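# Attaching a predicted model along with its sequence, questions to come.
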Amino acid sequence: MAEAAARIMVVDDEESVAVTMQAVLEQEGYRVWSATTAPQARRLLKRERLDVALLDLRIEDTDGIELMRELLGEQPDCVPIMLTGYASLESAVRAIREGAYDYLVKPCDLDELKLTIARAVERGQLVRTLNERVAELEEANARIRSFAEELQGRVDRATADLSQKVEELSEAKTRLEEEQHQREEFISMIAHELAQPLTNISTSAQLLARTRTTEETKERARATILSETRRLTRLVQDLFDATRLAAGRFEVRPSDCDLAEIVRERVEAARGQSERHRLHLEVEEGVFAARCDRDRIAQVLSNILTNAIKYTPGGAVRVRLQPEDGRALIRVVDEGPGIPDDRLEAIFQPHVRLVGRGDGGKKGSGLGLYIARGIVEAHGGRIWAENAEGGGAVFTISLPLAG
């Protein structure tokens, strides 16, 4: 496509000069407009886009430099050239300082005029090209900044997500390590729990096989075998119950029961476990009829009472049964050292044992309280542990009563 002709305005209050310059420049292929007054020049500025303006330093009563300021304000890409018939160093310096590209003295040499105009046109084109490139560069920089901000945002979000994943993985790793440690402890504990009664059974069986064993020794051996067999049966049953709880297949067989009767029976049975403990039972007035699995509720109470005796060196164990808002609350309070606050919930997890509560190093399967919670929750109830203000542990069982 052919390049468009440069657009030039000639402003001179001498009409002959303006017309002559217009004719000369049009012969050079430019589009030229001429004006002899400031108002005419202003109208042209409003109407036409100009590349070069030849401005007389004096136009009637208007200062040519003032008109140049208006020109640059309206069309900053236009290249102004000042004309004057009264050349002076002061006027030339003033014109250049105010933004004039060049300064010509009338009458102008035509070759000088053409050359000056050509350079001005070229300069204008270079300035416009430069401005366009600067605008493109600024636009590109703006896009780059936008892309950089978006990329930084993505990086920040990805970093945050990655940090969260790393933290989650670290927590999962810690949990897995803890679970692995618990499983290893549990396996070790089960092995110990199985080894002791099996050793006792084996020893007793060997005594029974000897021909010279006295009847008294044989009787003790038989009693040991029966006792250790019951112990193994109980351990196997606990393992079986824990497996069904973990698989969500634990079941209870509810029937009409009197919770007060079950509590009294279990307390009475627990009194024979220790001569160093005093068991006190308080049953408040009320009806304690409930739909429950009698054997399972008895199992829970036996576990709680056995723990209260096992983990305390002596003293009183107080059991209280009371009605409260359609539920029965069974509280078992001992006089032992209590339970660390950070273990009050953990003791109901599988394989966690109440070590360090004055138990004298006794061990258990670590499944009793886990199974107890499963039994209570299967009845629509709750079980939790607290520490009494004066010392000792408090286990509370809440069960729904029959409507």
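Perfect, thanks for sending it. A quick note: this is a predicted structure, and the numbers were derived from the prediction, not measured. Numbers count the residues shown, from 1 in each chain.
# Spatially central residue in this structure, please.
The chain has residue 164 as the residue nearest its centroid, 6.4 Å off, counting by Cα atoms, centre = their mean.
# And that one, which helix or strand is it part of?
Element membership of residue 164, judged by DSSP states H and E, is helix 110-209.
# could you pull out the helices for this protein?
15-27, 38-47, 64-74, 89-97, 110-209, 215-247, 259-271, 294-310, 368-378 (DSSP state H).
# tell me the angle of the third one relative to helix 38-47?
The reference is to helix 64-74. 20 degrees (axes from the mean of the first three to the mean of the last three Cα atoms, to 10 degrees).
# Low-confidence bits of the chain, can you list those?
Residue ranges of the chain with pLDDT under 70: 1-3, 61, 87-88, 182, 185-186, 188-190, 192-193, 351-366.
# again, only using 50
Low-confidence segments of the chain (pLDDT under 50): 1-2, 356-362.
# quick check: longest strand of it.
When the chain is parsed with DSSP state E, its longest strand is strand 315-324.
# Return the distance of it from the chain's centre.
Remark: strand 315-324 is offset 45 Å from the chain centroid, using Cα atoms, centre = their mean, to the nearest Å.
# Begin at 24 from now on, thanks
Sounds good: first residue 24 from here, last item strand 338-347.
# tell me which residues of it are tucked away?
340, 341, 342, 343, 344 (16 or more other Cβ atoms under 10 Å). C-beta coordinates here come from the backbone N, C-alpha and C atoms, glycine included.
# Partner strands of it, with direction?
Taking DSSP bridges as the criterion, strand 338-347 sits next to strand 300-306 (parallel), strand 350-356 (antiparallel) in its sheet.
# Send me that strand as CSV with only the CA atoms.
Written as CSV, here are the backbone C-alpha positions of strand 338-347 (Å, rounded to 0.1, in the frame of the first residue of the first chain):
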residue,chain,number,x,y,z
GLY,A,338,-9.3,-47.5,98.8
ALA,A,339,-12.9,-47.0,97.9
VAL,A,340,-14.6,-47.5,94.5
ARG,A,341,-17.9,-45.7,94.4
VAL,A,342,-20.7,-46.7,92.0
ARG,A,343,-23.7,-44.5,91.5
LEU,A,344,-26.8,-45.2,89.4
GLN,A,345,-29.2,-42.3,88.7
PRO,A,346,-31.9,-41.3,86.2
GLU,A,347,-31.5,-38.2,84.2
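# now the angle between helix 282-294 and that strand, please.
170 degrees.
# and the angle from strand 338-347 to helix 317-333?
Going by the same axes, to 10 degrees, strand 338-347 makes 140 degrees with helix 317-333.
# if we look at strand 338-347, which residues are touching it?
With Cβ atoms under 8 Å, 6 or more residues apart in numbering as the test, strand 338-347 has contacts from 282-283, 286, 290, 293, 299-307, 309-311, 328, 331-332, 351-359, 421, 424.
# Generate TSV for the helices of the chain, with distance to residue 27 as supplementary columns.
Shown next, in TSV, are these (distance: least, Cβ to Cβ, whole Å):
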stretch	distance to residue 27
helix 38-50	15
helix 61-70	17
helix 87-97	20
helix 112-120	28
helix 133-232	11
helix 238-270	87
helix 282-294	104
helix 317-333	99
helix 391-401	89
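# which one of those helices lies closest to residue 417?
Closest approach to residue 417 among the helices of the chain (Cβ to Cβ): helix 317-333, 10.0 Å.
# which strands and helices sit next to the closest one?
strand 278-281, helix 282-294, strand 300-306, strand 338-347, strand 350-356, helix 391-401, strand 416-423 (3 or more Cβ pairs under 8 Å, 6 or more residues apart in numbering; DSSP states H and E).
# I'd like to know which of these lies nearest to residue 176.
Residue 176 lies closest, by Cβ to Cβ, to one member of these: helix 391-401, at 46.8 Å.
# now that closest one, how far from the centre of its chain.
The chain centroid and the centroid of helix 391-401 are separated by 34 Å under Cα atoms, centre = their mean.
# Can you spell out which helices and strands pack onto that helix?
Under the contact criterion of 3+ Cβ pairs under 8 Å, 6+ apart, helix 391-401 touches helix 238-270, helix 317-333, strand 405-410, strand 416-423.
# what's the angle from the longest one to helix 317-333?
Between the direction of helix 238-270 and that of helix 317-333, the angle (the same axes, to 10 degrees) works out to 110 degrees.
# could you give the angle of helix 238-270 to helix 391-401?
Going by the same axes, to 10 degrees, helix 238-270 makes 50 degrees with helix 391-401.
# can I get the helices and strands packed on helix 391-401 in a markdown table with distance to residue 369 and mean neighbour count?
Converted to a markdown table, the helices and strands packed on helix 391-401 look like this (distance: least, Cβ to Cβ, whole Å; neighbours: other Cβ atoms under 10 Å):
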| stretch | distance to residue 369 | mean neighbour count |
| --- | --- | --- |
| helix 238-270 | 16 | 14 |
| helix 317-333 | 15 | 21 |
| strand 405-410 | 10 | 17 |
| strand 416-423 | 14 | 20 |
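# Tell me who's in contact with residue 279.
Contact analysis of residue 279 by Cβ under 8 Å, 6+ apart lists 312, 313, 314, 425.
# now residue 309
345, 346.
# can you give me phi and psi for it?
Phi and psi for residue 309, reported as degrees, to the nearest 10, are phi 150, psi 170.
# and what of residue 100?
Backbone dihedrals for residue 100, given as degrees, to the nearest 10, come out at phi -80, psi -10.
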